[in-house]
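**Q** Okay, here's the prediction I keep looking at, along with the sequence it came from:
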Amino acid sequence: MASVGSALSSANLAPQHDFSAPLQTALREAGVWLVIPCYKVRDHILQVISHAPSWIEGIVCVDDACPQGSADFLEAQDLDGRVVVVRLPENRGVGGAVMAGYAEAERRGGRILVKVDGDDQMDLGYLPHLVAPILLGEADYTKGNRFTSLSHLTTMPGVRAFGNAVLSFAAKVSTGYWNVFDPTNGFTAIEASVAKQVIKRDVARRFFFETDLLYHLGTLRAVVRDVPMPARYGDEVSNLRISAVVGPFFFRHLRNFVRRVFGQYFVRDFNVATLETLAGGALLAFGSLYGLNWLAVRDPGQVASAGVVMTAALPVIVGVQLLLQAINFDVMNVPSRPIHPYLRTLERIADE
């Protein structure tokens, strides 16, 4: 790992495919596999495969019951031996396809699994940026972030940028990863032992997949890191309709938030944030209900006394302050110690 770390830290990780020999060797020995869900991307999939650098060990293309016959199309091409085609008997959505790809790549010995869309939106020159934090033992999961620079957003439509910003804040609240942004970015990498854990979980299969995966990674206390990269759009046609996902996304974020808070602060642990949440919620509810009740039963024209005002306002003020303190604790409680070294050790012990 030391040689890998020195090669990665000393190399210039610019978005290009020509790297120094030590870095080429480190990446080639890293066991990096690409996982590409294929659904209505027949016009672009060969371009994506052709852009895969030579140090990629394998490429899993998952035909998600594609009406364009992606699997037949790929098998008819003269592709190199790294490409593996997986056929799903029924459409499972992007999440189901990615999970099937993870399972196949891990079964074939992949150690770092990079999910790439088949529409050629993603610049594979940024693959080392995604892989490096995992190789260095600093992260379990990495993802692209198009919001780290204004120059990165020049090609992103304004409405899409605003929608992604709103979804990003909602994801922070529901997943607990306050340190990441752009949760719907599908350019991601995951350590294989961590992938084995999330495959077992009930992760959303459709367009909520990336955000729901973050929630499940949070329950594992996995370390997630953002990787800056620009937005990139071409002539591809998105299968996502914003109007169709706003409602479901809201309720799923709310569900995950409730499950996360209950599991993290009442089941797996009971700490100062738990006490602040309980006390803050109780005081806020008491002050609000007391004030509303007084307004409902007062005589017409009756003015509230100082005692009534303080009885209603003080619990609300203190309750809000306690809830803000609980939020601050949650922000500081983002996972910081990668779990994949521990999972790898358990696997080696089990194999002996």
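**A** Good, I have the coordinates.
**Q** And the helices in the stretch 151-300 of the chain?
**A** Secondary structure of the stretch 151-300 of the chain by DSSP state H, counting those that start in this stretch: the helices cover 158-175, 192-199, 209-220, 242-262, 272-297.
**Q** Out of those, which is closest to Val320?
**A** helix 272-297 (6.3 Å; C-beta to C-beta). Yep, even glycine has a C-beta here, placed from its N, CA and C like the rest.
**Q** what is the rounded mean pLDDT of stretch 187-204?
**A** Mean pLDDT, stretch 187-204: 96.
**Q** Quick check: buried residues in it?
**A** 187-198, 203-204 (16 or more other C-beta atoms under 10 Å).
**Q** Contacts only, for Leu46.
**A** Shown in contact with Leu46 (C-beta atoms under 8 Å, 6 or more residues apart in numbering): Gln77.
**Q** List the contacts of the nearest residue to Val194 once chain neighbours are set aside.
**A** Setting aside the residues directly before and after it, Val194 is nearest to Asp140 in space (C-beta to C-beta, 6 or more residues apart in numbering), at 4.7 Å. Contacts for Asp140 (C-beta under 8 Å, 6+ apart) come out as 134, 190-191, 194, 217, 222-224, 338-340.
**Q** And the pLDDT at Asp140?
**A** 98.
**Q** would JSON lines of the buried residues of stretch 187-204 with distance to Gly281 be doable?
**A** Shown next, in JSON lines, are the buried residues of stretch 187-204 (distance: C-beta to C-beta, whole Å):
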{"residue": "Phe187", "distance to Gly281": "39"}
{"residue": "Thr188", "distance to Gly281": "35"}
{"residue": "Ala189", "distance to Gly281": "39"}
{"residue": "Ile190", "distance to Gly281": "36"}
{"residue": "Glu191", "distance to Gly281": "37"}
{"residue": "Ala192", "distance to Gly281": "41"}
{"residue": "Ser193", "distance to Gly281": "38"}
{"residue": "Val194", "distance to Gly281": "34"}
{"residue": "Ala195", "distance to Gly281": "37"}
{"residue": "Lys196", "distance to Gly281": "38"}
{"residue": "Gln197", "distance to Gly281": "32"}
{"residue": "Val198", "distance to Gly281": "31"}
{"residue": "Val203", "distance to Gly281": "30"}
{"residue": "Ala204", "distance to Gly281": "28"}
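**Q** Closest to Ile349 out of those residues?
**A** Of these, the one sitting nearest to Ile349 (C-beta to C-beta) turns out to be Ser193, at 12.7 Å.
**Q** closest one to Tyr102 among the helices of the stretch 151-300 of the chain?
**A** That would be helix 192-199 among the helices of the stretch 151-300 of the chain, by C-beta to C-beta, at 4.5 Å.
**Q** So which elements touch that closest one?
**A** helix 93-107, strand 112-115, helix 209-220, helix 340-351 (3 or more C-beta pairs under 8 Å, 6 or more residues apart in numbering; DSSP states H and E).
**Q** Redo those as TSV? Include mean neighbour count.
**A** Putting these into TSV (neighbours: other C-beta atoms under 10 Å) gives the following:
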stretch	mean neighbour count
helix 93-107	22
strand 112-115	25
helix 209-220	22
helix 340-351	12
